[in-house]
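S.K.: Generate coordinates for the sequence data below:
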Amino acid sequence: MEPKITLVLGGAASGKSAFAENLVFQSGKPRHYWATSQVFDAEMAEKVRLHLAQRGADWTTVEEPQDAAAALVGIDAGDILLMDCATMWLTNHLLAENDLTAATDQLMAAFAACSAEIIVVSNETGMGIVPENALARRFREAQGRLNITLAARADRVVQVVAGLPNVLKGSL
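M.R.: Numbering: from 1, shown residues only. I've put the predicted structure just below:
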């Protein structure tokens, strides 16, 4: 039985997004991409352009920085969704000073209501030093809580390090 939710964790530039995209390609299902980033500068615009070109034209891309329910509209049971990434989604909520517990509850409810297979990319931020400023510490704690929640709900959890997958829950 294929997993309903797969969580792909890793550090920055670990290969987690490429690994997750490969899972989507291998599925053979109609592909949806939930982009959670917001473009504020030329560097980010170029990164988005490169990602779109890399994925190709046969993806349906939804750019939605916060609203999970809106991002999942029109996704059918036979489809597959890649959310890239939960870290940026969380950052958007944190910087907007939204209630992070309520936002996470809404995300989990949207995932539960979605009948498609879902792959979520998220950063592992708790393996480094304790940040020196309050906002960074708050973010790191919130990211850890979000990852714990996602991992608990996921059928499969894969940690990617140096492009190599390590299955933590479920199987490939």
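S.K.: Return the residues in contact with Ala103.
M.R.: By Cβ atoms under 8 Å, 6 or more residues apart in numbering, the residues touching Ala103 are 66, 90, 93. Any C-beta I mention is one placed from the backbone N, CA and C, and that applies to glycine too.
S.K.: Look up how far Cys114 lies from the residue lying closest to the last one once chain neighbours are set aside.
M.R.: Put plainly, it is His93. Leaving aside its sequence neighbours, His93 sits nearest to Ala103 (Cβ to Cβ, 6 or more residues apart in numbering; 4.6 Å). Using Cβ to Cβ, to the nearest Å, one gets 17 Å for the distance from Ala103 to Cys114.
S.K.: And Thr6, by the same measure?
M.R.: For Thr6, the distance to Cys114 - Cβ to Cβ - is 13 Å.
S.K.: Same drill for these two, tell me which one is more crowded.
M.R.: Thr6 (25 against 22; other Cβ atoms under 10 Å).
S.K.: tell me the phi and psi of the more buried one?
M.R.: Note on Thr6: its backbone torsions stand at phi -120, psi 130 [degrees, to the nearest 10].
S.K.: Within the sheet, what are the partner strands of the helix or strand hosting Met83, with directions?
M.R.: Element membership for Met83 (DSSP states H and E) is strand 80-84. Paired neighbours of strand 80-84 in the sheet (DSSP bridges): strand 31-35 (parallel), strand 117-123 (parallel).
S.K.: Now for the closest residue to Ala18 other than its chain neighbours, how many residues are close by?
M.R.: Among residues not flanking Ala18 along the chain, Gly163 sits closest, at 7.2 Å (Cβ to Cβ, 6+ apart). As a burial measure, Gly163 scores 12 neighbours (other Cβ under 10 Å).
S.K.: Just list the residues touching Gly163, thanks.
M.R.: So Gly163 contacts 14-15, 18-19 (Cβ under 8 Å, 6+ apart).
S.K.: Compute the distance between the most far-flung residue of the chain relative to its centre and Met83, please.
M.R.: Note on the chain: the largest C-alpha distance from the chain mean falls to Glu132, namely 26.1 Å (Cα atoms, centre = their mean). For Glu132, the distance to Met83 (Cβ to Cβ) stands at 30 Å.
S.K.: re earlier: before we move on, what SS does the residue farthest from the centre of the chain have?
M.R.: Under DSSP: H, G, I helix; E, B strand; the rest coil, Glu132 falls in the coil class.
S.K.: any chance you could read off phi and psi for it?
M.R.: Torsion angles at Glu132 (phi, psi; degrees, to the nearest 10) stand at phi -90, psi -10.
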